[in-house]
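> this is a predicted model, with the sequence first.
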Amino acid sequence: MRIDAVDVLVFELGLAPVEGALGVFDRRPLVVVRVMTADGDGWGECGALERAAGGDPAASTVEHLLETVGIPRMVSVAQARDGTLDSSAVPQLFGGHAAERMMAATLEMALLDAELRALGVSLGEWLGVARPEVAVGALAGIPTDREVDSLLASVGAAADAGSRRVRVKIAPGWDLVPLRAVRRHFPDLALQADANGAYRLGPKTGPMERPDDARRLVALDDLALTCIEQPLPAADLAAHVELRELIETPIALDESLASPRHVELALRYGACEVACLKPARLGGLRAARRAHDLCASAGVAAFVGGYFEAGLARGANAALAGLPGFTLPGDLSAPASYLSVDPFGYPPVVDGLVALRTEPGVGPAPDPERLAACTVRTRRFEAR
Ligand code: MG
């Protein structure tokens, strides 16, 4: 595509508070890129949240990197090639730092959106997805009042809405009792626990070390959880391998799976039985498809994880979740259920399923009125 100009837009959205082991998130600054090409516009949504957590960068970091490195580099490389750049070339422009991968994912999405619109092809078609709809999973955070009844109410609401599974956030001190209560009230629910790396395994080596609390997770074995996600710190694959021998509940990795290379290593070491794959963190839709393929050939179940996206990126994640290796429901609930405004829109979730978009492009362009209402700043980069 011949790039004429690139806009960086920042939206300020309200987020229904979600608490996990990484703290509370209750606002959603959203960085969005619009690429203007000779053949039309393309939109890309950045996954980064309000602040850095679990190895992921803050939205402000990616915004700064886009403006100082990403867009200038993309535009200058395009100019060196008659002004044109293909979305497949974007990931190679940047290094392997977490913020660079998230930036690459945003720029790849914007250019790919423009390309698919020009070709008249939907993202699902481009990915080769055959399913018309995918299963939606929900998330239940740690209740602010730390009351089991509050958790049961939010799990019940998700189950009533037809969610095909519920992922419950846990942390040391909020694990066995609430999960046991959920299992007692919802005996047939597909239930996962997500610890965001909050537990520790291994001997105490010094006064600053956290207690060896991961062994207690063996108590979850009789709750028939689909998996416990990221029990230990992201960088410690060896400890996950060790924990797999101590507990029967399958271990899922999320924060550890920072790039396709990280996925490859985790699979080689046998560190997980389930993979939570997030295109924004992995470096984009192509990187996510590569990670999916690695998991599928290793026989490791996978699901698409989320960052409280607006409808553009969440719709893209839904299309991705149509790939055959994504055998578990993804974080694909409607953005309207957690964001104050969704500038892009999302298909209705019916009986725990969401239909994949068939319109050309990665997703819908934003609604101009909603866009004007939530945009707090815009910066334009002309390609000349
Ligand atoms: Mg997680």
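Noted; the coordinates are in hand. Residues are numbered from 1 along each chain as shown.
> quick one, helices of this protein?
Taking DSSP state H, the helices of the chain run over residues 59-65, 71-80, 98-119, 123-127, 148-160, 176-185, 237-246, 260-269, 279-282, 285-298, 311-320, 368-374.
> tell me which of these is the most buried.
Comparing these by mean neighbour count (mean count of other Cβ atoms under 10 Å), helix 279-282 ranks first with a mean of 29. Bear in mind the C-beta positions are built from the backbone N, C-alpha and C, glycine included.
> enumerate the residues of this structure near the ion.
Asp194, Glu229, Asp254 (Cβ under 5 Å from the ion).
> which residue does the stretch 251-384 of the chain bring closest to the ion?
In the stretch 251-384 of the chain, the residue that lies nearest the ion is Asp254 (3.6 Å; Cβ to the ion).
> what are the phi and psi values for that residue?
Per-residue torsions, Asp254: phi -130, psi -80 (degrees, to the nearest 10).
> surely it is in contact with Val274?
No - applying Cβ atoms under 8 Å, one finds Asp254 not in contact with Val274, separated by 9.4 Å.
> overlap in contacts of those two?
With contacts taken as Cβ atoms under 8 Å, 6 or more residues apart in numbering, the residues that reach both Asp254 and Val274 are Glu229.
> with neighbour numbers in mind, choose between these two.
Asp254 (25 against 21; other Cβ atoms under 10 Å).
> which residues touch the more buried one?
When contacts are counted by Cβ under 8 Å, 6+ apart, Asp254 touches Gly54, Asp194, Asn196, Glu229, Gln230, Cys276, Lys278, Gly305.
> the second one and Val168 touch, don't they?
Yes - taking Cβ under 8 Å as the contact criterion, Asp194 and Val168 are neighbours in contact, 7.0 Å apart.
> would CSV of the residues of the chain next to the ion with pLDDT be doable?
Below are the residues of the chain next to the ion laid out as CSV (pLDDT from 0 to 100):
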residue, pLDDT
Asp194, 97
Glu229, 98
Asp254, 98
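> distance to Pro29 added to those, as CSV?
Shown next, in CSV, are the residues of the chain next to the ion (distance: Cβ to Cβ, whole Å):
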residue, distance to Pro29
Asp194, 23
Glu229, 25
Asp254, 22
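> low pLDDT regions in this protein?
203-210 (pLDDT under 70).
> tell me the centre residue of it?
Nearest residue to the geometric centre of the chain (Cα atoms, centre = their mean): Gly306, 2.9 Å.
> leaving out the residues flanking it, which one is nearest to it?
Asp331 (3.2 Å; Cβ to Cβ, 6 or more residues apart in numbering).
> am I right that the one you found is in contact with Ala318?
No - Asp331 is beyond contact range of Ala318, at 10.0 Å (criterion: Cβ under 8 Å).
> give me the common contacts of the two.
Shared contacts of Asp331 and Ala318, defined by Cβ under 8 Å, 6+ apart, are found at Val304.
> domain parsing for this structure?
Per automatic domain parsing, the structural domains of the chain span 3-120+368-382, 124-355.
> quick one: closest of these to Gly361.
The closest of the domains of the chain to Gly361 is domain 3-120+368-382. By Cβ to Cβ, the value is 4.2 Å.
> what about the closest one, how long is it end to end?
End-to-end distance for domain 3-120+368-382, by Cα to Cα, to the nearest Å: 9 Å.
> off-centre distance for it?
15 Å (Cα atoms, centre = their mean, to the nearest Å).
> for the domains of the chain, give me TSV that also has distance to Val362.
What follows is the domains of the chain, written out as TSV (distance: least, Cβ to Cβ, whole Å):
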stretch	distance to Val362
domain 3-120+368-382	4
domain 124-355	5
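> what sits against the residue lying closest to Trp126 once chain neighbours are set aside?
Once flanking residues are discounted, Trp126 sits nearest to Leu116: 5.8 Å by Cβ to Cβ, 6+ apart. With contacts defined as Cβ under 8 Å, 6+ apart, Leu116 is in contact with Ser122, Leu123, Trp126, Pro360, Gly361, Val362.
> please tell me how far Arg180 sits from Ala80.
61 Å (Cβ to Cβ, to the nearest Å).
> re earlier: what is the burial count for the residue nearest to Gly306?
Counted with other Cβ under 10 Å, residues neighbouring Asp331 total 22.
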